[in-house]
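*Asks:* With the sequence up front, the predicted model follows.
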Amino acid sequence: MRPIDILLAVAVNIAWGLNFAVTKLGLGEMPPMLLVALRYALTALLLSPWLKWPHGQFRQVAAISFTLGFLHFALMFTGLSGIDASVAAIAVQIQVPFSALLAFLIFRDRLGWRKALGGALAIGGIVLIAGAPHEAPDPFYLSLTILAALCWAVSAIQVKRLGQIDTMTLNAWIALLAVPQLLLGSAVIEGDRWGEVLDAGFWGWASVVYMAVAVTVFGYGLWYRLIQRYPVTTIMPLSLLAPTFGVAAGIFILGEPATLEKFIGGALTLIGVAIVILTPPEKPAEVAAKTDSAEA
């Protein structure tokens, strides 16, 4: 990779990592679903130039907006409201093993022992953090974060089935369609809490702008370009920087405790995710050979 592209990739992951701390601060002033709804409303406005009609794909895009835009972020932000940002940054990484497992179950992608080992390590790391005798995260909110990771994995499968579509167009439609879903969900689950939005201070509104501009428009816009320019195996390992920066932001910006369980559990989870990401797909000949030997 060119040095400038490496710097851009690091900058994107810093933006994503800091997002856990920034969102946590925003959740101190706004309810979770309304915060996401405002984030997506601004995102839809910023991405409106890419809002082109997805011919023959609208139903699939609408389904993705429900899984990713509504379920994932509603669960993620509600979970984050009750646990440390540093814990959430680690726990949500279980989405990578979830994706590998779903790809195996749905597309019959080869799982292999390496990916299975990576998934087991990732889960083991989260279990270690959850079972910490001191400063253990609330199991309910941690469970919501893990469910959010599962929803992200499901949305990844939906995107894979979608076929060719401009990524910015997809993000624009997800944002636009997610707003009414989140507003309805907030009204039903959170009740009338618009007063908190009107009374929100700097961090409430700053988090909305940060998520829309830094995380979505800047972050995903640059990341997609890097993926188009370089092999996925070169780019994806760099995404492990995001949870690392997320943990650091939680500890140094929010003053969250730096426990031994958090460091060991986080390391196990990131190692497991790295194994899943770095395990190359098996070549057809290798798969055929294994199938033949299994049938022999």
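*Replies:* Sure thing, it's come through. Residues are numbered from 1 along each chain as shown.
*Asks:* Which strands or helices does the strand or helix carrying residue 127 pack on?
*Replies:* Taking DSSP states H and E as the definition, residue 127 sits inside helix 112-130. Under the contact definition 3 or more Cβ pairs under 8 Å, 6 or more residues apart in numbering; DSSP states H and E, helix 112-130 sits against helix 85-91, helix 95-107, helix 139-162, helix 260-278. (C-beta placed from N, C-alpha, C; glycine too.)
*Asks:* mind saving the C-alpha coords of the third one as PDB?
*Replies:* To tie it back to what came earlier, the one meant is helix 139-162. What follows is helix 139-162, C-alpha atoms only, in PDB (Å, rounded to 0.1, in the frame of the first residue of the first chain):
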ATOM      1  CA  PRO A 139     -25.300  -8.900  31.200                       C
ATOM      2  CA  PHE A 140     -28.500  -7.500  29.700                       C
ATOM      3  CA  TYR A 141     -26.800  -4.600  27.900                       C
ATOM      4  CA  LEU A 142     -23.900  -6.800  26.900                       C
ATOM      5  CA  SER A 143     -26.400  -9.300  25.400                       C
ATOM      6  CA  LEU A 144     -28.000  -6.500  23.400                       C
ATOM      7  CA  THR A 145     -24.600  -5.600  22.000                       C
ATOM      8  CA  ILE A 146     -24.000  -9.200  21.000                       C
ATOM      9  CA  LEU A 147     -27.400  -9.400  19.300                       C
ATOM     10  CA  ALA A 148     -26.500  -6.200  17.500                       C
ATOM     11  CA  ALA A 149     -23.400  -7.900  16.200                       C
ATOM     12  CA  LEU A 150     -25.500 -10.800  15.000                       C
ATOM     13  CA  CYS A 151     -27.800  -8.400  13.100                       C
ATOM     14  CA  TRP A 152     -24.800  -6.900  11.400                       C
ATOM     15  CA  ALA A 153     -23.700 -10.400  10.300                       C
ATOM     16  CA  VAL A 154     -27.200 -11.000   8.900                       C
ATOM     17  CA  SER A 155     -27.000  -7.700   7.000                       C
ATOM     18  CA  ALA A 156     -23.700  -8.700   5.500                       C
ATOM     19  CA  ILE A 157     -25.300 -11.800   4.100                       C
ATOM     20  CA  GLN A 158     -28.200  -9.600   2.800                       C
ATOM     21  CA  VAL A 159     -25.700  -7.300   1.100                       C
ATOM     22  CA  LYS A 160     -23.900 -10.300  -0.500                       C
ATOM     23  CA  ARG A 161     -27.200 -11.500  -1.900                       C
ATOM     24  CA  LEU A 162     -28.000  -8.000  -3.200                       C
END
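*Asks:* where does this protein have low pLDDT?
*Replies:* In the predicted model, the chain carries pLDDT under 70 at residues 131-136, 232-233, 281-296.
*Asks:* mind redoing it with 80?
*Replies:* 1, 107-111, 129-136, 227-228, 231-237, 280-296 (pLDDT under 80).
*Asks:* Neighbours of residue 36, how many?
*Replies:* Neighbourhood size, residue 36 [other Cβ atoms under 10 Å]: 30.
*Asks:* Surely it touches residue 77?
*Replies:* Yes - here residue 36 reaches residue 77: they are 5.5 Å apart, a contact under Cβ atoms under 8 Å.
*Asks:* quick one on the thing from earlier: hey, C-alpha coordinates of the helix holding residue 127 in CSV?
*Replies:* Only the C-alpha atoms of helix 112-130 are listed here, as CSV (Å, rounded to 0.1, in the frame of the first residue of the first chain):
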residue,chain,number,x,y,z
GLY,A,112,-12.4,-24.8,8.3
TRP,A,113,-10.7,-25.4,11.6
ARG,A,114,-8.8,-22.1,11.6
LYS,A,115,-12.0,-20.0,11.4
ALA,A,116,-13.7,-22.2,13.9
LEU,A,117,-10.7,-21.7,16.3
GLY,A,118,-10.8,-18.0,15.7
GLY,A,119,-14.5,-17.8,16.4
ALA,A,120,-14.0,-19.9,19.6
LEU,A,121,-11.2,-17.5,20.8
ALA,A,122,-13.4,-14.4,20.1
ILE,A,123,-16.3,-15.8,22.1
GLY,A,124,-13.9,-16.9,24.8
GLY,A,125,-12.6,-13.4,25.1
ILE,A,126,-16.1,-11.9,25.5
VAL,A,127,-17.0,-14.6,28.1
LEU,A,128,-13.9,-13.7,30.1
ILE,A,129,-14.8,-10.0,30.1
ALA,A,130,-18.4,-10.8,31.0
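*Asks:* And the contacts of it?
*Replies:* Helix 112-130 has contacts (Cβ atoms under 8 Å, 6 or more residues apart in numbering) with 87, 90-91, 93-94, 96-97, 100-101, 136-137, 139, 142, 146, 261-262, 264-276, 279, 282.
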